[in-house]
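Visitor: build the 3D model from these lines:
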Amino acid sequence: FAPFVAKKKKGEANSQLRFVFWYFLGVGIFSLLMAAGQYTPVYMWFYNLIPGFNHFRWPSKFLQLFIYASAILPAIGFHVLLGRRREHNKPFRQVALAVFSVGSALAVLAFFGYLSLRQSPGLLNTLTGGNFVNTPEHFASTRSDYGQFVFFLACSLAVFALAFKKQISDFWFSSACLLL
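Guide: Take a look at the predicted model:
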């Protein structure tokens, strides 16, 4: 959704939204660089040169900022995308169709993956390079989590399709997104 927000458009609300977008993008990139710790020169530069910064013993604490920013950025992009839905422009429809097509393909693959998990954990062993802990409790828990992922992906695609076919209003669309 980033190209929709980054594109300049006249209006005060859009410029404020763009500022918030660029701010959280900067926070996300900075926190990811800091969370990498000694593997990036940024963390070591802050650690050695800024007084008091050496009290941050675990750089992974910066992941909290990254998670926050990665939750805000799609919300901003989706807000702008909903606003552009009313304009009926061709590039928007092409992007919406591409997102829906990729999401549908992912949903079909995920569903077949879930079906293959009903018999054995072979798929999980393949995905983890043989490091999957194969106890019955762990396998049942992982299969349940994967089933929830497939269900929520299918529900998200259904809401997305209804919203862009204009079958539901913005209020019900926002409510459905909150529930998901």
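Visitor: count of neighbours near residue 134?
Guide: For residue 134, the tally of surrounding residues (other C-beta atoms under 10 Å) stands at 11. (Each C-beta comes from the backbone N, C-alpha and C, glycine too.)
Visitor: now it. Nearest residue, chain neighbours left out?
Guide: Beyond its immediate neighbours in the sequence, the residue positioned closest to residue 134 (C-beta to C-beta, 6 or more residues apart in numbering) is residue 121, lying 5.7 Å away.
Visitor: ok, now residue 122?
Guide: Nearest non-adjacent residue to residue 122, counting by C-beta to C-beta, 6+ apart: residue 116, 7.2 Å away.
Visitor: if I look at the one you found, how far off is residue 147?
Guide: 12 Å (C-beta to C-beta, to the nearest Å).
Visitor: residue 162 now?
Guide: 23 Å.
Visitor: cool, residue 115 as well?
Guide: Using C-beta to C-beta, residue 115 is found at 10 Å from residue 147.
Visitor: which of these two has more neighbours?
Guide: Neighbours were tallied for residue 115 and for residue 147 using other C-beta under 10 Å; the higher tally belongs to residue 147 (15 against 11).
Visitor: need the CA coordinates for the helix or strand hosting residue 64. PDB is fine.
Guide: When secondary structure is defined using DSSP states H and E, the element that contains residue 64 is helix 63-85. As requested, C-alpha coordinates have been extracted for helix 63-85 and formatted as PDB (Å, rounded to 0.1, in the frame of the first residue of the first chain):
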ATOM      1  CA  LEU A  63      11.600  -5.000  17.600                       C
ATOM      2  CA  GLN A  64       8.700  -3.600  19.600                       C
ATOM      3  CA  LEU A  65       9.000  -0.400  17.700                       C
ATOM      4  CA  PHE A  66       9.200  -2.300  14.400                       C
ATOM      5  CA  ILE A  67       6.100  -4.300  15.200                       C
ATOM      6  CA  TYR A  68       4.200  -1.100  16.100                       C
ATOM      7  CA  ALA A  69       5.300   0.600  12.800                       C
ATOM      8  CA  SER A  70       4.500  -2.500  10.800                       C
ATOM      9  CA  ALA A  71       1.000  -2.400  12.200                       C
ATOM     10  CA  ILE A  72       0.500   1.300  11.500                       C
ATOM     11  CA  LEU A  73       1.900   1.400   7.900                       C
ATOM     12  CA  PRO A  74      -0.600  -1.100   6.400                       C
ATOM     13  CA  ALA A  75      -3.500   0.600   8.200                       C
ATOM     14  CA  ILE A  76      -2.500   4.000   6.700                       C
ATOM     15  CA  GLY A  77      -2.100   2.500   3.200                       C
ATOM     16  CA  PHE A  78      -5.400   0.700   3.500                       C
ATOM     17  CA  HIS A  79      -7.100   3.900   4.600                       C
ATOM     18  CA  VAL A  80      -5.700   5.700   1.500                       C
ATOM     19  CA  LEU A  81      -6.700   2.700  -0.700                       C
ATOM     20  CA  LEU A  82     -10.300   2.900   0.600                       C
ATOM     21  CA  GLY A  83     -10.400   6.600  -0.200                       C
ATOM     22  CA  ARG A  84      -9.200   6.000  -3.700                       C
ATOM     23  CA  ARG A  85     -11.800   3.300  -4.100                       C
END
